[in-house]
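**Q** give the three-dimensional model of this entry:
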Amino acid sequence: MLVETMIAAVLALAPADIGADPGLTEQVLTELNRARADPQGYADELRTYRDGFDGLVVYSPESPDGIMTREGIAAVDDAIAFLDRQPALGPLAGSPVLARGAGALVADQATSTRVGHLTLTGLDPSARMRLHGGNIYVGEVISYGPPDPRSVVRQLIVDDGVARRGHRSLVFSLQYQFAGVECGAHARYGAMCVIDLAATPDGSPKLPGSPPQMAALSDGQ
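**A** Have a look, this model is predicted:
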């Protein structure tokens, strides 16, 4: 059985003076589960979002001043096509253990301009999870910039500028049933959210007899 850690990161351009809403963490998980439960409905929302593009800049109620993208509407169209054929999935249950692993990265980068999955001391998602009472079999996605739940989840699903759409794949992976979300400030992008995903509440392997966890190491590029 091949079991590896899946990781992915998202970079976004956003004002650096906003910071994260203290209630954002719970709202992001709710929004994530809303998209998983109704992918076709979410595709319809992206069709409306698509209308806000002017070249590579997109304007939305959440970002009325506009956000620069890398691909423009091409990434949105790709996400819409994916969602139109994506079956509905069950909700991700919140996990305090996974949230602690995610929170360790948020705390580490709060006053830093660094991005990515490693802490200043070199701890990757698996190492952070073990340090905070969990196991190593986790996937991780990171959003930098968006300060509201809709924009965070939309960024992960559209996956602008990410050739293999690794974040979208993790968000809609059948193997994950639990998530730990932590959001906070980031010195460069204003806000960040880290979501750690696992098949079990603490990142342990699934029980014997369960479908194998097949994953390829990914940096989301």
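
**Q** only C-alpha atoms for contact and neighbour calcs from this point on.
**A** Noted.

**Q** check contacts around T200.
**A** Shown in contact with T200 (CA atoms under 8 Å, 6 or more residues apart in numbering): Y176, Q177, F178, K206.

**Q** just among those residues, which is most surrounded?
**A** The most neighbours of any of the contacts of T200, using other CA atoms under 10 Å, belong to Y176, which has 23 neighbours.

**Q** quick one: contacts for the nearest residue to that residue once chain neighbours are set aside?
**A** In space, and not counting its chain neighbours, Y176 is closest to A199: 4.4 Å by CA to CA, 6 or more residues apart in numbering. Contacts for A199 (CA under 8 Å, 6+ apart) come out as V138, Q175, Y176, Q177, F178, P205, K206.

**Q** 7 Å - rerun?
**A** By CA atoms under 7 Å, 6 or more residues apart in numbering, the residues touching A199 are Q175, Y176, Q177, F178, K206.

**Q** which pair of those spans the longest distance?
**A** F178 and K206 (11.9 Å; CA to CA).

**Q** give me the phi and psi for P64.
**A** Here is the backbone geometry of P64 (degrees, to the nearest 10): phi -60, psi -20.

**Q** and it, how many neighbours?
**A** P64: 10 neighbours (other CA under 10 Å).

**Q** next: Q27.
**A** 16.

**Q** tell me which residue is most central in this structure.
**A** Geometric centre of the chain, nearest residue: V141, 3.9 Å, by CA atoms, centre = their mean.

**Q** surely that one is in a strand?
**A** Yes - V141: assigned to a strand according to DSSP: H, G, I helix; E, B strand; the rest coil.

**Q** is it true that it touches C193?
**A** No - assessed by CA atoms under 7 Å, V141 is found out of contact with C193, at 8.4 Å.

**Q** so the closest residue to R70 other than its chain neighbours is in which element?
**A** Leaving aside its sequence neighbours, R70 sits nearest to G161 (CA to CA, 6+ apart; 5.5 Å). Following DSSP states H and E, there is no helix or strand that holds G161.

**Q** can you list phi and psi of E182 for me?
**A** Dihedral angles (degrees, to the nearest 10) for E182: phi -140, psi 140.

**Q** how many neighbours does it have?
**A** So E182, with other CA under 10 Å, has 27 neighbours.

**Q** report the beta-bridge partners for it.
**A** Bridge pairing for E182 (DSSP bridges) gives the partners V194.
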